[in-house]
Structure formats: C-alpha cells, structure tokens
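Student: My questions are about this predicted structure, shown below with the sequence.
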Amino acid sequence: MKILLTNDDGIDAPGLEALAAAAECLGGDVVVVAPAEPHSGCGHRVTTDRPLVVEEISAGRFRVSGTPADCVRLALGRLVPETRLVISGINDGGNLGADIHLSGTVAAAREAALHGRLALAASHYHRRGTVIDWSRAADWLAGVLHGLGDRLGAGAGEFWNVNLPDLPATASPPAVVECRVDPSPFALGYRMADGGWYYDSSYHDRPRVAGGDVAVCFAGGIALSRLRVV
C-alpha cells in the first residue's frame with residue numbers, strides 16, 4: 001500500500017518524524033509530501049494564484065511551497081497518484097472540536113477523503129509549557145492505527161481524527177475512546193493591547209460537552225472521531 005504523509009507544521013517538524021515511525025506498523029511504501037514552512041491554522045486554504053515549487057530533498061521526500069491541502073492535491077494529482085492512504089500530523093497541539101475548521105492538519109486528511117482515499121489526521125494536545133515526548137506519541141499512534149485495522153476506511157466521504165492527550169511521563173498508555181466531535185464554540189475572550197485586539201481565552205478551559213472529543217482528550221484519553229468531508 002502506498003502511504004502519503006504530510007502535516008501543517010512543516011517538513012522539518014519532529015511530529016512528522018514521529019508520524020513516519022508510527023506508520024511503519026502498516027508496512028506500506030511511505031512517501032512524504034509536506035509544506036516547506038509551518039501553516040498552523042491555515043484551514044483548507046489552497047494555492048491557485050502562483051506556481052507551487054516542489055523539491056525532492058531525498059528519495060520519496062518532497063518539500064512544497066504551499067499549504068497542507070496543496071501538498072495532498074499535488075501528491076494525488078501528480079507526485080504519488082497511486083496513494084491509497086493519507087496520514088497528516090502529528091500536529092504539535094490539539095485539533096479538537098471547532099479546531100477541525102481551522103486546522104491545516106485536518107484539512108489535509110479531508111482533502112484526501114474528498115478524493116476517495118483512506119485518510120487520518122493526528123494531533124497531540126499539550127498544555128502550555130509542557131514538552132511532547134515524540135517517541136511515546138509515535139507508539140500511541142501506532143497502537144491506534146493497528147487497532148483500526150480494516151476500519152481505516154471510515155466510510156465513503158469520511159475520515160478519522162485522532163488527538164493524543166497530555167499525560168505525565170509515568171502514566172500508563174491511554175485508552176482509545178471513539179467519540180463525537182464537540183460542537184461547542186470557542187469562548188469570545190479578547191483583550192486590547194498595542195493598538196489591537198488579542199484573543200485571550202484559555203484553550204484548556206474551553207467549553208466542552210461530556211463524552212465529546214475535547215472532554216475525552218482533556219481527561220487523558222486518546223480521542224478518536226469520525227469526520228465527514230462536508
């Protein structure tokens with residue numbers, strides 16, 4: 001199976017290396033097509049008003065001067081059209097609830113599912129000031145991928161969204177909890193400083209509903225959610 005890896009933190013991000021380690025459990029032929037620069041929060045933006053520059057920096061590893069969705073579109077259309085599975089991540093930060101509309105990580109998986117490929121987005125929530133153990137994250141994600149097995153094909157027009165939790169180094173491996181995406185909107189907190197308004201609401205204290213992906217991940221579980229492309 002040809003597997004395409006991408007992200008929104010850029011091709012040099014440690015989360016992409018952790019994703020490659022996790023994907024080894026699938027035994028496929030892996031190709032990386034990722035943005036040259038970080039594009040966190042870019043959503044599903046695509047580039048149509050300028051050329052995309054592609055560099056093959058090593059065998060099967062391409063750097064693109066575009067967004068995560070650009071990377072998937074170009075890969076499926078030209079670079080790796082035989083791709084069957086696209087995995088995006090592992091994002092440095094959560095992509096829970098309303099985040100799915102803002103996330104370049106999720107957009108890459110959505111673009112793949114839109115074109116009929118198996119697709120999964122993976123992110124790692126962490127509190128401000130904590131450092132992600134990427135080796136542990138790779139192990140956790142490999143467990144999710146292995147556990148999904150034949151269910152990697154979420155369904156026509158569907159794909160998976162995975163969020164790993166922020167846990168102490170001594171914690172036991174977290175349970176994988178299949179859950180719905182929390183529809184709660186972000187709090188509308190802003191403060192005036194330096195002549196403009198800055199968003200000033202706490203990500204960790206965001207509104208949530210019991211049993212939703214936000215609550216599951218914040219409580220220490222791996223949140224596994226099925227998303228639709230539209």
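Tutor: Happy to help now that I have it.

Student: The helix ranked longest in the chain - contacts with which helices or strands?
Tutor: Looking across the chain with DSSP state H, the single longest helix is helix 134-148. Counting contacts by 3 or more CB pairs under 8 Å, 6 or more residues apart in numbering; DSSP states H and E, helix 134-148 packs against helix 14-23, strand 85-92, strand 118-124, strand 158-164, strand 176-178, strand 222-228. Every C-beta, even on glycine, is put in place using the N, C-alpha and C of the backbone.

Student: of these, which approaches W197 most closely?
Tutor: strand 85-92 (25.5 Å; CB to CB).

Student: just checking, next helix/strand downstream of that closest one?
Tutor: helix 104-114 (DSSP states H and E).

Student: which helices and strands does that next one pack with?
Tutor: By 3+ CB pairs under 8 Å, 6+ apart, helix 104-114 packs against helix 68-74, strand 85-92, strand 118-124, strand 158-164, strand 222-228.

Student: Adding mean pLDDT and distance to K2, write the ones you listed out as a markdown table.
Tutor: A markdown table is the format used below for those (pLDDT from 0 to 100; distance: least, CB to CB, whole Å):
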| stretch | mean pLDDT | distance to K2 |
| --- | --- | --- |
| helix 68-74 | 98 | 13 |
| strand 85-92 | 98 | 8 |
| strand 118-124 | 98 | 11 |
| strand 158-164 | 98 | 17 |
| strand 222-228 | 98 | 23 |
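
Student: Can you add mean neighbour count and distance to G15 and give those back as JSON lines?
Tutor: Shown next, in JSON lines, are those (neighbours: other CB atoms under 10 Å; distance: least, CB to CB, whole Å):
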{"stretch": "helix 68-74", "mean neighbour count": "27", "distance to G15": "13"}
{"stretch": "strand 85-92", "mean neighbour count": "28", "distance to G15": "4"}
{"stretch": "strand 118-124", "mean neighbour count": "28", "distance to G15": "7"}
{"stretch": "strand 158-164", "mean neighbour count": "25", "distance to G15": "10"}
{"stretch": "strand 222-228", "mean neighbour count": "21", "distance to G15": "15"}
